[in-house]
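Participant: Sequence and predicted structure are below.
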Amino acid sequence: MPDAVIEMRSDTMTKPTPAMRQAIVNAEVGDDMSGEDPTVNRLEALIAEKLGKEAAVFACSGTQSNQMGVRVHCAPGDELLIEAWGHIASYEAGAPAALSGVTCRPIQGRRGLLDVNDLDGQIHRDDQHLCPTRLVCVENTANRGGGTVYSLGALQQIGAWAHEHGLMVHMDGARLFNAVVAGGYSSQEICEPVDTISVCFSKGLGCPMGSALVGSAEQMRKARRARKLFGGALRQAGIVAAAAIHALENHIDRMQEDHDNAREFAQILSEIDGIQIEMPETNLVFFDVEEAAGTAFALSSRLRQRGVNINPSGPQTLRACTHLDVPREQVLRAAEIIGECMTEGLAGVTETVAGGPYAQG
């Protein structure tokens, strides 16, 4: 194996920067479950203000904060509407049903995004045979859509439509700040049309762990109870909250570098025979291997042998992710190695993929 590995499976693979590690070391801590961790309290106030909402609750993971949001808005037997590839429905282990008794109704959108035309007519009538429709979930950026970004106008229309029909709106903003940087709007503007937002600190922001649910004070009171129920009540969590504060203060604007690297990576791949690709909007790059050339599993295996970690996202599809631990020269070298592997051919490659074949973090 090569000495240096180029890690492009996910931005969840980032390591804390030296400055972030120092913030962790210096963190003042207390008992968060009792509301006495000053660093967690500061983080919750900071992210609530940044998103233009009243309050926030720190959580262990993006899945946990998303499921806290579902629990806040829905009761057992209710349903939520979501784009067919939405993370809450597709990649959270059936949690809405298992944890809250909530049904997900998938709606086919375009590249992971919905608009009001997709939603119109989808609300169940008041009938004892049907699940009451309570919630619309949107994902920004949309992972399986290719890191696609909602426009401000589209989210405003969805929010207005949902509220007019008595529904609430939850935004899975696991990569919210990638959307903010790419969309050209502020985080307050994009969160104004929705009721609750889940933000993940361990992806493009580069933290070792953690997420937050943001919304009204009353919603966050309910969310804190759900966090306890889901096993997420925390003690001296300021150690990891300090990393999130550092990231919010230092790592947002630099995401533009990841987006630029992703586009340059995609441009090089677009010129390789046997590769089909759509230009990325943010830091996620999905590309297809033509069937005549081989499979995504074969290419992923060959790349691992060459020191490039990129996992399949389907039989012919791979997903690469740029982030703060992959400098431009590594991104360009990864694209070069992909070209070399395609030229050499994929026949006879043992198809083994570490970390699961369709990991979508």
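Facilitator: Okay, I see it. Residues are numbered from 1 along each chain as shown.

Participant: Tell me how far Arg319 lies from Gly147.
Facilitator: Arg319 sits 9 Å away from Gly147, going by CB to CB, to the nearest Å. Just so you know, the C-beta spots here come from the backbone N, C-alpha and C atoms, and that holds for glycine as well.

Participant: Longest helix in the protein, by number of residues?
Facilitator: Assignment by DSSP state H gives helix 328-344 as the longest helix of the chain.

Participant: can you pull out the strands in the protein?
Facilitator: Along the chain, the stretches classed as strands by DSSP state E are 6-7, 55-59, 79-83, 103-107, 133-139, 168-173, 196-200, 211-215, 275-277, 284-289, 308-309, 311-312, 317-321.

Participant: Of all the residues in the longest helix of the chain, which ones are buried?
Facilitator: Gln330, Val331, Arg333, Ala334, Ala335, Ile337, Ile338, Gly339, Cys341, Met342 (16 or more other CB atoms under 10 Å).

Participant: residue contacts, Arg235?
Facilitator: Taking CB atoms under 8 Å, 6 or more residues apart in numbering, we find Arg235 in contact with Asp31, Asp32, Met33, Asp37.

Participant: Next one, pLDDT for it please.
Facilitator: pLDDT for Arg235: 95.

Participant: so where's the stretch 201-350 of the chain uncertain?
Facilitator: 348-350 (pLDDT under 70).

Participant: Quick check: pLDDT value at the nearest residue to Leu176 once chain neighbours are set aside.
Facilitator: Spatial nearest neighbour of Leu176, chain neighbours left out: Val199 (5.2 Å); criterion: CB to CB, 6 or more residues apart in numbering. In this model, Val199 is scored at 98, pLDDT.

Participant: I'd say Val199 and Leu51 touch.
Facilitator: Yes - if you go by CB atoms under 8 Å, Val199 and Leu51 touch, sitting 7.4 Å apart.

Participant: Looking at the two, which is more packed in?
Facilitator: Val199 (29 against 25; other CB atoms under 10 Å).

Participant: Check the gap between the more buried one and Ala89 for me.
Facilitator: From Val199 over to Ala89 (counting by CB to CB), the distance is 19 Å.

Participant: Over to Ser216?
Facilitator: When Ser216 is compared with Ala89 (using CB to CB), they lie 24 Å apart.

Participant: Among these two, which residue is more densely surrounded?
Facilitator: The neighbour count for Ser216 versus Ala89, taken as other CB under 10 Å, is higher for Ala89 (23 against 16).

Participant: separation between the more buried one and Asp78?
Facilitator: 14 Å.

Participant: go on, Val116?
Facilitator: Distance of Val116 to Asp78, computed by CB to CB: 21 Å.

Participant: out of the two, which sits in the busier spot?
Facilitator: When Val116 and Asp78 are compared for neighbours, Asp78 comes out ahead with 19 against 14, by other CB under 10 Å.

Participant: That one contacts Arg134, correct?
Facilitator: Yes - using CB under 8 Å, Asp78 makes contact with Arg134 at a distance of 4.4 Å.

Participant: was I right about Gln122 contacting Leu81?
Facilitator: Yes - the pair Gln122 / Leu81 is scored as a contact, 5.7 Å apart, by CB under 8 Å.

Participant: Between Val199 and Leu51, which contacts overlap?
Facilitator: By CB under 8 Å, 6+ apart, the residues touching both Val199 and Leu51 are Val214.

Participant: Distance check, Ile337 against Arg302.
Facilitator: 9 Å.

Participant: contacting residues for Gly232?
Facilitator: By CB under 8 Å, 6+ apart, the neighbours of Gly232 are Ala59, Cys60, Gln64, Met68.

Participant: Most widely separated two among the residues you listed?
Facilitator: Cys60 and Met68 (10.4 Å; CB to CB).

Participant: Please say which of these two ends up with more neighbours.
Facilitator: Met68 (32 against 19).

Participant: quick one: pLDDT of that one?
Facilitator: At Met68, the pLDDT recorded in the model is 98.

Participant: Centre of the chain to stretch 318-337, how far?
Facilitator: Computed by CA atoms, centre = their mean, to the nearest Å, the chain-centroid distance of stretch 318-337 equals 19 Å.

Participant: burial of the spatially closest residue to Asp288 that is not a sequence neighbour, as a residue count?
Facilitator: Distance criterion CB to CB, 6+ apart; nearest residue to Asp288, sequence neighbours excluded, is Gln276 at 4.4 Å. Gln276: 14 surrounding residues under other CB under 10 Å.

Participant: What separation is there between Gln276 and Met342?
Facilitator: Distance from Gln276 to Met342, by CB to CB: 12 Å.

Participant: go on, Asp32?
Facilitator: Counting by CB to CB, the gap from Asp32 to Met342 is 50 Å.

Participant: residues contacting the spatially closest residue to Ile82 that is not a sequence neighbour?
Facilitator: Nearest residue to Ile82, sequence neighbours excluded (CB to CB, 6+ apart): Cys137, at 4.3 Å. Shown in contact with Cys137 (CB under 8 Å, 6+ apart): Val70, Leu80, Leu81, Ile82, Gly86, Ile88, Ala89, Val169, His170, Met171, Asp172.

Participant: This completes my enquiry, with thanks.
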